[in-house]
Structure formats: C-alpha cells, structure tokens
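Novice: After the sequence you'll find the predicted model.
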Amino acid sequence: MTPESPFYGDGRARAFMAAVGASGSWDWDIASDTLRVDPAFAELYGLGAEAAASVLPTSTFFKAIHSADRPRIRIAIAGILAGAEHFSKEFRVTAPDGSTLWVHGRGQLHLDANDEPLCFTGLFIDVTERKRTEERLRIAQSAGGVGTFEYIDGFATAAVSAEFCQLLGLQPATALPVNTINAVLAAGEPPLLPPPGSGMIADTLEGVFGVVRHDDGRHRWIARRGEVLREGSGYRLIGVIYDVTEAKDQEARLRELAETLEVRVQQEVAEHRQTEDALRQAQKMEAVGQLTGGIAHDFNNLLTVIIGNVDAAMRRMGDAADPRLRRSLENALKGAERAAALTQRLLAFSRRQPLAPKTIDVAHVLAGMSELLLRSIPETITVRIVAEPGIWAVEVDPHQLENVILNLAVNARDAMPAGGTLTVKAENIERREALSGDCPPGSYVAISVTDTGTGMSPETMAKVFDPFFTTKEVGKGTGLGLSMVYGFVKQSGGHIGIASTEGKGTTVCLYLARQAQGAVIELVSDDGAPEAGRADETILVVEDDEDVLAYTAGILRELGYRVIEADDGAAAIALLGREDLAISMLLTDVVMPRMSGRELADRAHILRPGLRVLFASGYPSDVMMRDGRLAPAVDLIAKPFTYAGLATKVRELLDQRTSTL
Amino acid sequence: MTLDTVVLGELERDALTEIVNIGVSRAASNLRKMIGDQVSLSVPSIDVLSQHRAARLIGEREDSDLVAVRQDFSGPFAGRALLIFPESNSLELARAVTGDTLTGADLLEMETEALTETGNVILNSCLATMANMLKRSLTMTIPEILRGDSATLFEVKDDTASNGLVLFLYIDFAVRKRDIRGYIAMILDLPSLETIKALLGEFIERVVGNDA
C-alpha cells in the first residue's frame, strides 16, 4: 500500500477506524524494512501530521512503547518477521502529553505466493478504560474477598480470577480444570461447577458449599452466586464465590442455641428451684438452730437445778436411807441426764455445740468405747474393733467423737435386724487428691464404721449427708442421726464419706486431719473422788438465775472453797474492784442481762490481769466461739453440770494456773 | 512457586511462545496446503511441568482416552515431542484432513494415516522452527501413534523413568468450525531444558538488543 492509498488518506476510512475504536493502524513492509502509519497512529506516537503521509523506518514502531514492555514486543515482532502469523499483544504507550495509555495491538502477517513474509499490518485499540476496569475489578475482588468464574457449557475448564484460586487454596491461574475446582469440595458436597460430560444444567447459582482448602486443608464454607446465561442450546455460568464460614458458624451457633433453649431454660429453672429449696432449708435450719439454742439455754439452767439438787439429795442420803427412795432419785437423775443429752443433740444438729478439741489418740478412744459398744449392740451382731498400730494423733473433742461413733454404731445395728458384723476401724490414710472441696490432700486418720446390713439405695445415699435433706430422718432411730455426725465432723474440720450397696451393707468413714504437733493428752476418767478445794481459794460466782447460783455456790462451798456470789455483771465488777478481796477464780454464766459473761471477763482482766475465768453455759452462743470451736484460753463448763463435773473442772483450772505460774 | 517460574524467566517464556507460535503458524500454513484453507491454530500457552503433573493436568482435563503422535528428536537438546488429542477428536480430525470425502471403514482405515501426517506437519514445523530460530539443528525420528490414558503417554506408570520435565503447549485447532483441540508436549531432561534456556537467552539478546 502506498501513502496515496485510500486506506490512509480517505476521510471515510478514518471515520470508520475511529468508530471501531482504533487508535491507529500500520503497514510494515518486510522486504523494504519500512513502516507506514495512519494519522491516528502518528497522533498517538506524537509524530506530527506529516508522518502519516511519509515512509518511516521500522524502528519508529517501538518508539512510544513503554520501556518495560518494549523487549516483550520486540520478541513478538521478531516472531512475526520470522513467520508467525498472529500478533496480539497488550502494552503501554507513552502519549506525547506524557500520559500512559494501554493499547491492544493486533496484527497479521501476510505471505506472498511462495509463503514468504510480505508485510505485517495491524491496528491499535485503546484499552486503557478496560485496563482500569480490570484493575477496579481486581481490587474489588481482592479487597472484598470475592472470586469470579466463567464456565461455558461442555468445556473441561473454567475461566477464573486470582481471588477465586486464593479462596480455594489453589495456585493462581486464569483457567482451571473443572475437575480441579470440584476436587476441593468436602465429601458429599454437590459439584461447584458441572463436571465435564455430566449434562447437568444449573437452574441457579445460589448455593453454599463446604470446601477443604487445597493448600492448608482448612475447612471453609463458600457461597456461590451468579447468573445462568442461556446461549442457544447451551449456557454460560458467570458468577462469584466468597467465604461465608463466619456467617455459617454463627448461624450454626444460633441454631444450636435456639434448639437447646428450651432444655436450657428447664435446666436453669430446675437449678434455680434447687437453690431456692436449699436456701429455704438453710433458713429453716438456721431458725431451728436459733430456737434450739434459746431453748437449750433455759432448759439447761433448769436441768442444772434439777440434776444438782437430785445429786445433792443422793449424796446426803446416807447408807441407811430407803432403797426405794434412792431408786426414785436415780430414775429422776437418769431422766434429767437424758434430757441433757437431748439438748446436747439439738445443739450438735444445729452445729452450735461448743467443742473442746484436744489432741488425742483415737485408738485409746476406741479401746475405751468397746464396753459401751458391746452393751449397746445385741449378741446377734459380731463387733470388731480394729485400730492400726501407730495411729496418728488428731485434734478433736473426744466426748463428741465418742458420741458420733456410738451414733454410727447404733445406725449400723438398726441396719442389721437379722444380725451381722459391725466393724469399727481406725487407720492412717495419705490422700494425694482432695477428699472434697474443703478438705485438701494430706494425712488423715480414717475412722470407719462398717455393717453387713441392708444398705442404701443410691437415691437415699445422695441425700443422707446433705444437711438440707436429713431432716427427713428426724424422729427415726437415735433422733437427729447422721446430720449430727455430719455437723460434728464438719465443725471439726474433717470430712465424711459413705459407701453403701443395697443388701450388702454400709461403710461410713470419718476423716480427721493428722495433728502433727502437740502432746497427746491422756484422757482421765471422771471416776474417782472429787478433788476438794481449799479455804484460801476464793471463787467469785456470777449467775443471774437464782437457783443455779445457789446450787453452784453450794457445791463449791461443799468442796471447801471460799465463795463470793454476785447476781449480775455490775455487782461482780464492784467486788473485783475491792483490793482487799483475794479472788482465785471467776466462775460466770455466759448469757446474762445487761452484761454478758464475756464482757464481764474482759473487764475483770483489766482490773485483775491473769485472773482465771471459767464460763458456765448451756448455750454459749457465738460470743464464745470462733469457727465452731471455743476461743483459745477460754474454759467452759457445760450446763447442766454435776457436782463431780464442776469439782474436776474447777480444780483442773486452779492447778493449771498454779503450775504455769 | 511453580516449576516454570523457576526454570524460565518471563522474557524467555515470551520468546519461546513466539518461537513456537512461528512453528504453529507454519504448521497451519502447511495444513492449509494439505486440506484446503480451513485450518487455523491458536497462539499456544506454555507451561513447564513435571511429567507427573503434565499427566495429571491432561488427565484432569480430558475424560476420554487419548491418542498421540510421537516424534523423538536429538541434537544440542534432545527429547520427545507429542501431539495429543482426545480420542473422540481424532476421527473428526481425520475426517477434516480428508475433506469429508470418506465414511465408515474407509475413514477408520485412513485415521492412523491422517493423524500421523497431521502430527508430522505440526511437530516438524514446531521443532524445525525452534532449531532454526535458536540457530541449531535437530534430527527427528519417524512419527508413530500412541493410544492410552495420559499416564501411558507420559510414561509415568513406571516411576523410575519419569523425572523429566515437560514443556507443555496448549493449542486450539479450529478446523472448519469443528471443535478439535490438542496439546503439544515436549518431554525434556533438565540438561536439555538448560540448553534451551541458554539458547533463548542468545535469541533475546539478538532481538531485543539494548532494550533488554
């Protein structure tokens, strides 16, 4: 073609070229190695209008091509000049104004009759706008995490975007075999794209698929959206995929929440009701405890008087008295003692009994109990008492421990109406794991009471120690039963365990913490002659109950002590203030109007530091106790007390004082 | 990172694509002479893959059995060239090459011959162009026909003999508006590929000169 050719000069041709979006065209003559261009090409390259009409060197072709793209294009042109037929490249062109345009160059090699390369013609199309759109699409995909795909019916591959590959954990590619795409689906999922030759035609692209990412094996949920475009008898699928794992998980959690809501509400309500029941029981127990304590106080005062006076009457009766009278008095005393025991039980049940823990040898306690046990248990039952040699010392109230063991033994007896074997055993136990929440691992002395009786059902067992349910046991057997045992063990900082098999028997085991320090106290029996007092030992007795005061003072005087009486705290203080009075000991009631025994003792210690104080109480109340035990250095005698009991306690205290001085 | 980015640089890939493009153009031109002017071949896309991956790639893409024309070549670089079609395409190709003049038994009889001839034209054009453009000469064996699945064609069933690389070219055939597609694969050992890489470097130096 020549410059005069209508192709380049004709206005209509130019208009046509512009209309198809061409930004220039060229004709590269291979034989003469020259280039002809149209005005649009000249304008694009900034060659000047006259260049369109002239013959240019072929090197002009590369002039405006961006330096980064130039080697690529040189290689492509070399291919054309050597016989490649098609030229189709995208590259950047730097326009005369300095701006960069993206251009798609498309060309064709023309051969002569001998198949020798003749010329190479083609045109540029400005694809800057498309490039920008592609860029926007690419950024939209990567920023939004959306991958695109296009699948044409019947093809084995689908056109995909880089983000599409990324979402499925595949190497970036522009086309992927459909089989490769479907291979990332989790087992049991329908294909993401119709497999080759399946004949499947999608109605919709709406769907969510579980996939196992190809690179890291993570399970994700992928949503597919898009359109099915019908084309003749076939179709095209154009759509997107994106990760919906988070939404899917949330949805699953919500569904689960909704499904379990009813059950959980029921559970919560049941739990709430249980807590309420427990609280109500606790409140009831607290009220019963307070009531019991109050009654115990008055009741013990009355019993002190009764027992004291019956006791005194018996002591003074002499050998010649009528034996029937003695028997009557003995019966009266027995009745009063049973009443005292009952108040003691009530206090134990409400965990308000004053405990006087001592460091003791359990084996010794058991040995001392054997006679009592044999007496309480019928002959149809074999009693075995086993104490491991070298039992550790424990700190516990020995009298209450005896009560508890006896209580358990009686329970065991009741469980064996047809006879059997009762075993009371003490052994050392090292626990590596906690016995219960409030009983840490460590060394324990375990005292177990085992029977071969009827045993208990799991339901009964679950309730038997629960202090809120044991009230059901009231009135049965020994009265307050296991709840008293439980109360004592807990109050002593121990633990209690139970094992039972229906028809086989029951074992109740008390765990008492090993007491490493402190010498074991030899328990002295209460038998023997009461120890007398001396006239130089003056005891100040304070008691608001007139009868009790008279009884107490009477015993002390009988024992040989000098006694000063006061009927309330104020009077006692006045007496203590008198320096001319030598007072060896203050014996005071605890619960008194206006000034309590505790308060009196405190004020007495200010007046007379080192003064020995003995409290007497049927219900010592919280002022005397710390954590359910008597405060250290507090000496207490429980009402009702007997002549011998008071004699021993007073003597013990006075002697103790002397020896420490 | 894929094997091809390790082995060939971007410009080297462009250069190789261009060189094969010339070969494919020549092949199309030759085919036109054989069967009229109905044949055109697309610009190939290039990958360098392991033999295993190449087998898997074709296996994933093509469900049916394959038929291939094989030619071995030797020279500064040596290897084996394969022109691969889906088996279902091969009769169609034979029909196109024979100008739809044959039917039935005659066509079946002609199939092998048509395939061998087509393969010879295309593979020869590609290899000769490569040798020519890289300024070296190659010797080629007579073409033969192979049938089987992709593993058979790439000889990956026997694991010991399959650690070569495959220069993988994908081209579309448009034969008289028939859907015929095919693949050109060149199985090379690593030293041969290194040689080709060096020769491509020389070619680029010649063509691009100062612009590189």
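Specialist: Perfect, thanks for sending it.
Novice: ok, the longest helix along chain B near chain A or not?
Specialist: In chain B, assigned by DSSP state H, the helix with the most residues is helix B:104-133. Yes. Applying CB under 8 Å from any CB of the partner chain, one finds that helix B:104-133 is in contact with chain A at B:129, B:132, B:133. No exception for glycine: its C-beta is placed from N, CA and C like everyone else's.
Novice: Residue A:96 - nearest residue in space that isn't next to it in sequence?
Specialist: If the residues on either side of it in the chain are set aside, residue A:96 comes closest to residue A:46, at 3.0 Å by CB to CB, 6 or more residues apart in numbering or on different chains.
Novice: List the residues that contact that neighbour.
Specialist: Residues counted as contacts of residue A:46 (CB atoms under 8 Å, 6 or more residues apart in numbering or on different chains) are A:64, A:95, A:96.
Novice: Next step: those residues restricted to helices.
Specialist: Among these, no member falls in helices (DSSP H).
Novice: And for the residue in chain A positioned nearest to chain B, the neighbour number?
Specialist: Nearest to chain B in chain A, going by CB to the nearest CB, is residue A:79, at a distance of 3.4 Å. Residue A:79: 28 surrounding residues under other CB atoms under 10 Å in any protein chain shown.
Novice: Tell me the helix or strand right after the helix or strand of chain B with the lowest mean pLDDT.
Specialist: Lowest on mean pLDDT, DSSP states H and E among the helices and strands of chain B sits helix B:3-7, with a mean of 50. Moving toward the C-terminus from helix B:3-7, the next helix or strand (DSSP states H and E) is helix B:10-35.
Novice: same question for that following helix, mean pLDDT?
Specialist: For helix B:10-35, mean pLDDT is 82.
Novice: Repeat that for stretch A:56-67.
Specialist: Computed over stretch A:56-67, the average pLDDT equals 91.
Novice: How about stretch B:117-125?
Specialist: For stretch B:117-125, the per-residue pLDDT averages 86.
Novice: Report the contact partners of residue A:101.
Specialist: Listed by CB under 8 Å, 6+ apart, the contact partners of residue A:101 are A:23, A:44, A:92, A:93, A:95, A:126, A:128.
Novice: Which strand residues bridge it?
Specialist: Using DSSP bridges, the beta-bridge partners of residue A:101 come out as residue A:93.
Novice: Let me know the pLDDT of it.
Specialist: On the pLDDT scale, residue A:101 is placed at 90.
Novice: just residue A:118 next, same as before
Specialist: 91.
Novice: That one - that's part of a strand, no?
Specialist: Yes. Secondary structure of residue A:118 (DSSP: H, G, I helix; E, B strand; the rest coil): part of a strand.
Novice: So it is in contact with residue A:32, correct?
Specialist: No. Counting by CB atoms under 8 Å, residue A:118 does not reach residue A:32; the two are 10.8 Å apart.
Novice: Just want to know which of the two has more residues nearby.
Specialist: Shown here are residue A:118 and residue A:32; by other CB under 10 Å, residue A:118 has more neighbours (15 against 10).
Novice: ok, now which ones touch the more buried one?
Specialist: Shown in contact with residue A:118 (CB under 8 Å, 6+ apart): A:30, A:31, A:110, A:111, A:112.
Novice: What is the longest helix of chain B packed up against?
Specialist: helix B:10-35, strand B:66-74, strand B:79-86, helix B:87-97, strand B:139-140, strand B:144-148, strand B:178-188 (3 or more CB pairs under 8 Å, 6 or more residues apart in numbering or on different chains; DSSP states H and E).
Novice: pretty sure the residue of chain A closest to chain B is touching residue B:18, no?
Specialist: Yes. Here residue A:79 reaches residue B:18: they are 3.4 Å apart, a contact under CB under 8 Å.
Novice: In terms of helices and strands, where is the residue of chain A closest to chain B?
Specialist: In this assignment (DSSP H and E), residue A:79 forms part of helix A:70-81.
Novice: Counting by contacts, list what that helix packs against.
Specialist: Judged by 3+ CB pairs under 8 Å, 6+ apart, the packing partners of helix A:70-81 are helix A:60-63, strand A:86-94, strand A:100-111, strand A:117-126, helix B:10-35, helix B:190-208.
Novice: Mean confidence (pLDDT) on it, please.
Specialist: 89.
Novice: And stretch A:393-405, by the same measure?
Specialist: Throughout stretch A:393-405, pLDDT has a mean value of 84.
Novice: List the residues that contact residue A:587.
Specialist: Contacts of residue A:587 (CB under 8 Å, 6+ apart): A:539, A:540, A:541, A:542, A:552, A:556, A:613, A:614, A:615, A:616, A:650.
Novice: what's the next secondary structure element after the helix or strand encompassing it?
Specialist: Taking DSSP H and E as the criterion, residue A:587 maps to strand A:585-589. Counting by DSSP H and E, the next helix or strand C-terminal to strand A:585-589 is helix A:597-607.
Novice: Would you confirm that residue B:29 contacts residue A:110?
Specialist: No. With contact defined as CB under 8 Å, residue B:29 does not reach residue A:110; the gap is 12.0 Å.
Novice: which of these two has more neighbours?
Specialist: residue B:29 (18 against 14).
Novice: what number of residues lie near residue A:309?
Specialist: Quick note: residue A:309 (other CB under 10 Å) scores 17 neighbours.
Novice: Oops, could you answer that again for residue A:569 instead?
Specialist: Neighbours of residue A:569 (other CB under 10 Å): 23.
Novice: So it sits against residue A:600, correct?
Specialist: Yes. Counting by CB under 8 Å, residue A:600 is a contact partner of residue A:569 at 4.3 Å.
Novice: Residues that sit against both of those two, list them.
Specialist: A:542, A:588, A:592.
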